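Trainee: any chance you can model this:
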Amino acid sequence: MKYGDKIIIYRTKVEDRSAEYSSVATSVCTLVENKSIYDFENIEAFLKYCHKSIFSEEQLCSFYESKKYPIVLKFLYNFPLKKRIIRKDLINKVGLPRDNYWGCMQITDEEFVKIIRLSLGKEGEGVENFVIDKP
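Mentor: Model (predicted):
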């Protein structure tokens, strides 16, 4: 992933419920920076960098010590999707592959636009001022 890439945040299923209906695309963000956990001199530098994280300090310390998740992403939150798109619709209406790992998966510009359009519902509602640039 590189600076400026658009990110669709995907929330995984609710416990004891089907992923088809409880896993959803929730919001759009833009990647600002990515780093390797190995870029940090020590845990203090890592914690300072991640101070605005959704994770607790305890979780961050665990990530740093285990190196289980070696990529650190910093992104700008753009907007919530007007309507959250369930996994079933991401597969059937957008065309995302069911068998891919959904924790982090690259999608095409066309798939991204389909997700935005699905979230808007009626034509003309929602986020008209979000520009999708193509290089």
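Trainee: wait, Cys29 touches Ile9, no?
Mentor: Yes: the pair formed by Cys29 and Ile9 meets the contact definition of CB atoms under 8 Å, at 6.2 Å. Every residue, glycine included, has its C-beta placed from N, CA and C.
Trainee: neighbour-wise, which of these two wins?
Mentor: Between Cys29 and Ile9, counted using other CB atoms under 10 Å, Cys29 has the larger neighbour count: 17 against 14.
Trainee: can you name the residues bridging to the more buried one?
Mentor: Ile7, Tyr77 (DSSP bridges).
Trainee: so what pLDDT did it get?
Mentor: For Cys29, the pLDDT comes out at 94.
Trainee: identify all contacting residues around the one helix or strand in the chain whose mean pLDDT sits lowest.
Mentor: One helix or strand of the chain scores below all others by mean pLDDT, DSSP states H and E: helix 19-22, with a mean of 86. For helix 19-22, contacts defined as CB atoms under 8 Å, 6 or more residues apart in numbering pick out Thr12, Lys13, Val14, Ile86, Arg87, Lys88.
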